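Undergrad: Sequence and predicted structure are below.
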Amino acid sequence: MRIITAKEELTGLQNSTLGMRKQKKISIKNVSEISEDVNENMQLLEDCRMYWESLRNFRDRRLRNRKFYRGDQWSDIIEDPDNPGEYITEDQYLRNQGKVPLKQNLIGKNVRNLVGQYLSNPAKAMVLSRVRENAEATEMLTNALHSALQVNNNKLLDMAAFRESTLSGAPFQKIGYEYFKERNLEDVLIENKNPVRMFFNTDVEDVRLTDLRLIGEVIDTTVEKIISVFARTRADEEKIREIYAGLVNRAYLSDHGLDATVIDSLDFFNPREPSKARLFEVWQIKHEWRVYAHDPADGSYNIVPYTLKEIGIQNQERIRLGTEQGIPEEEIPLIEAEEKYEEYWYVKYLTPFGHCLKECETPYKHESHPYVGVLQPLVDGEVWGMIEDMIDQQKYINRLVIMMDFIVSASAKGVLLVPEDVIPDNMTPKDFAKEWVRFNGVIAYKPNPQHQQIPQQISANSTNIGLQEMFAMQMSLFQDTSGIYGAIQGKEAASGTPASLYAQQAQNASINTMEQMAYFENFIQARNFKVLKVLTQYYKDKRYLAVSGRTISESSKLYDPDLVRNLDCDVVVTQGTDTPVYRQLIDNTLIELLKGNMIDLKMYLEHTSMPFADKLLASIKQREELMAQGGIPGPLPEDLVSEVNSGANPQAMAMLNNAFGRNQTK
């Protein structure tokens with residue numbers, strides 16, 4: 001806060017900011033500026049380790065869920081009945097009993113069905129304003145949000161995050177701002193984070209995660225990557241290499257490629273891979289007394305590095321300067337200040353040895369950490385994925401399959417009974433059996449008059465003890481447990497089932513998965529809002545938004561930071577429907593508006609989702625330009641007409657032809 005020294009400075013400034021925002025100066029400490037005192041950092045890492053260790057049960061249950069999802073469904077540990085006190089897997093126990101550990105992976109099928117349901121009901125994020133005058137700016141922000149999501153291939157990220165929500169109930173993403181080498185631009189960066197590497201204060205109770213006090217992640221990366229991010233000078237590089245001097249300079253070949261061994265055996269301080277460097281990103285809430293000052297002279301509202309007493313001295317100086325220059329005391333703009341005990345997010349990037357590579361207050365305008373996550377269902381602090389509900393039924397179905405296989409294999413099938421005196425002298429029992437099964441085989445023998453027995457083959461049916469009925473019952477219970485029924489899986493309906501009834505059954509079945517979808521929708525909503533806040537902060541210059549779509553105006557394709565400078569408090573993020581049914585509804589509405597002459601043909605083509613709309617609209621504009629130059633428009637190109645007629649709605653095509661004056665009567 002500066003001291004006014006002239007009358008022009010005192011009276012010439014206007015309050016230029018409406019809806020003022022708190023401004024703060026971010027102080028960043030880099031490698032060369034940080035003290036070697038590591039005691040405080042090691043204590044912070046110990047707190048993080050305790051939080052991470054307290055999540056061991058969560059990680060173990062997630063590991064079990066992942067194994068069942070993949071098909072490794074006999075890996076549970078049990079006590080060996082033959083060797084009390086020793087423990088083996090269920091897989092080994094079955095093999096010791098002479099059984100093959102068969103499984104029918106119904107969990108994987110149900111998870112794929114859930115992911116398919118999510119992908120078949122896409123939704124587009126929309127930025128809405130409570131003020132109609134901001135419609136153009138909000139459309140521009142919507143396009144900017146879509147552009148940032150497309151740059152990150154959010155469809156693939158969200159699909160993986162949704163699968164994680166079924167596995168563990170705890171998907172996490174991180175939102176930052178980085179340089180994309182492939183695109184030669186800086187943009188918002190979205191990353192999926194493995195919950196196994198995450199740690200946070202585990203006494204959270206709010207499902208919105210508003211009671212987080214600490215959150216971070218365990219990072220394994222190369223020393224070169226750490227140097228490229230944190231080193232500002234060659235001295236910084238030497239210091240970082242000295243810290244990680246114990247690492248090997250190349251990656252050794254491992255027997256565990258493309259598997260989960262590294263994740264499953266993760267240790268907090270020591271990376272499993274000898275070529276990787278361990279790094280911790282820790283965000284925590286800190287508290288301190290801060291002075292907020294509003295200066296009417298320039299309309300600023302800042303956190304200032306002065307005490308209330310020092311600001312009072314500045315006000316006295318303003319009064320003195322103002323009275324000396326003839327300004328009435330009541331007209332002199334004085335600084336209004338108050339002191340608050342405020343909490344703020346602070347980040348540290350720590351090595352396992354307590355060295356801090358960088359630390360600062362959160363640089364983001366949303367004044368929070370960069371992570372977005374959801375913990376579901378968070379009942380009494382417990383979190384689990386929906387796969388956990390299916391495991392018991394899955395295991396019992398596998399046991400029934402093994403029992404049926406064992407009974408069938410133990411039944412007599414085609415056993416040949418041959419009296420020894422029937423076997424000819426020139427044949428062994430092996431030769432006899434080989435000739436018996438040979439096509440058109442002939443065995444010549446002399447029957448013994450004392451024994452009238454002849455060779456005979458025995459085949460016995462399996463004993464029916466109700467296994468098939470039990471299997472059918474367990475399949476029904478599995479559907480009840482998962483909530484995913486045949487109609488929603490797309491199974492063929494029984495003969496005579498009306499289409500309306502089948503559609504109603506599918507709709508009713510989708511109700512069972514609405515909770516899962518609602519949790520993930522809230523996760524996506526929070527992610528999109530944080531992405532929006534980051535892009536409005538870091539998009540400093542005008543940029544063209546690479547977003548396709550006929551409904552986007554040309555002015556909204558250019559991002560202008562000046563239009564959204566003071567729009568923050570009036571913007572919310574919601575989800576818009578983008579399904580085939582919804583698009584068909586829009587097309588039908590547009591056709592009705594075109595029938596009633598409420599819109600013209602160009603407006604219809606600009607907003608419809610029909611595949612031929614772009615080419616047809618381009619042809620109309622070309623004809624209009626030709627007519628404006630005094631030319632005579634010709635007929636539409638035949639290739640365009642044939643393409644339109646092949647895939648168009650006949651009703652819509654009849655209206656379009658009438659609009660062009662084309663006669664359809666032959």
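TA: Cool, got the structure.
Undergrad: For L545, give me its contacts.
TA: By Cβ atoms under 8 Å, 6 or more residues apart in numbering, L545 lies in contact with M140, N143, A144, H146, S147, S556, K557, L558, Y559. C-beta here means a position set from N, CA and C on the backbone, and glycine is covered the same way.
Undergrad: Likewise for E217?
TA: K174, K193, R197, M198, F199, F280, E281, Y371 are the contacts of E217 under Cβ under 8 Å, 6+ apart.
Undergrad: can you list those in TSV and add neighbour count and secondary structure?
TA: Listed next are the contacts of E217 as TSV, based on neighbours: other Cβ atoms under 10 Å; DSSP: H, G, I helix; E, B strand; the rest coil:
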residue	neighbour count	secondary structure
K174	19	strand
K193	19	strand
R197	17	helix
M198	20	strand
F199	23	strand
F280	24	strand
E281	18	strand
Y371	22	strand
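Undergrad: Closest one of the residues you listed to E359?
TA: Distance to E359 across the contacts of E217 (Cβ to Cβ) is lowest for E281, with 10.8 Å.
Undergrad: Pull the contacting residues for that closest one.
TA: With Cβ under 8 Å, 6+ apart, E281 has these contacts: G216, E217, I219, V347, K348, Y349.
Undergrad: Mind checking which of these are in strands?
TA: The strands, defined by DSSP state E, take in G216, E217, I219, V347, K348, Y349 from these.
Undergrad: mind giving me TSV with these and columns for distance to Q316?
TA: As requested, the ones in strands among the contacts of E281 are arranged in TSV below (distance: Cβ to Cβ, whole Å):
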residue	distance to Q316
G216	46
E217	50
I219	52
V347	39
K348	41
Y349	44
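Undergrad: still on that earlier bit, and the contacts of L545, which two are furthest apart?
TA: H146 and L558 (14.3 Å).
Undergrad: Those two: which has the busier surroundings?
TA: H146 (22 against 13; other Cβ atoms under 10 Å).
Undergrad: quick one: low-confidence ranges for the stretch 51-200 of the chain?
TA: Across the stretch 51-200 of the chain, the ranges flagged by pLDDT under 70 are 130, 132.
Undergrad: And the stretch 451-600 of the chain, by the same measure?
TA: 451-453, 458-466, 481-510, 546-555, 566-582.
Undergrad: All the strands of it, in order from the start?
TA: Counting by DSSP state E, counting those that start in this stretch, the stretch 451-600 of the chain has strands at residues 456-458, 543-544, 558-559, 571-577.
Undergrad: Determine the set of other helices and strands touching the second one.
TA: In terms of contacts (3 or more Cβ pairs under 8 Å, 6 or more residues apart in numbering; DSSP states H and E), strand 543-544 is packed against strand 558-559.
Undergrad: Go ahead and name everything in contact with the strand it packs on.
TA: Contacts of strand 558-559 (Cβ under 8 Å, 6+ apart): M140, N143, A144, Y539, K542, R543, Y544, L545.
Undergrad: Counting neighbours, what do you get for the second one?
TA: Read that as N143. For N143, using other Cβ under 10 Å, the count is 21.
Undergrad: measure it to I175 for me?
TA: 18 Å (Cβ to Cβ, to the nearest Å).
Undergrad: same question, the first one
TA: Taken as Cβ to Cβ, the spacing of M140 relative to I175 amounts to 20 Å.
Undergrad: quick one: contacts for P429?
TA: By Cβ under 8 Å, 6+ apart, the neighbours of P429 are V418, I423.
Undergrad: at 7 Å instead, please
TA: I423 (Cβ atoms under 7 Å, 6 or more residues apart in numbering).
Undergrad: any idea which of the contacts of E281 has the most stuff around it?
TA: In the contacts of E281, the most neighbours by other Cβ under 10 Å go to G216, 25 neighbours.
Undergrad: For that one, list each beta-bridge partner.
TA: Beta-bridge pairing for G216 (DSSP bridges): F199, V282.
Undergrad: contacting residues around it?
TA: For G216, counting by Cβ under 7 Å, 6+ apart, the contacting residues are C48, F199, F280, E281, V282, W283.
Undergrad: confidence score at E237?
TA: At E237, the predicted lDDT confidence score is 93.
Undergrad: Quick check: W345 is in a strand.
TA: Yes. Counting by DSSP: H, G, I helix; E, B strand; the rest coil, W345 is located in a strand.
Undergrad: Could you check what's spatially nearest to it, not counting adjacent residues?
TA: The shortest distance from W345 to any non-neighbouring residue, by Cβ to Cβ, 6 or more residues apart in numbering, is to T362 (4.1 Å).
Undergrad: ok, now G441?
TA: G441's closest residue in space is E435 (Cβ to Cβ, 6+ apart), at 4.5 Å.
Undergrad: Report how many residues lie close to the one you found.
TA: E435, neighbours per other Cβ under 10 Å, totals 14.
Undergrad: how close does it get to A170?
TA: 67 Å.
Undergrad: Tell me how many other residues crowd V304.
TA: Neighbour tally, V304, other Cβ under 10 Å: 20.
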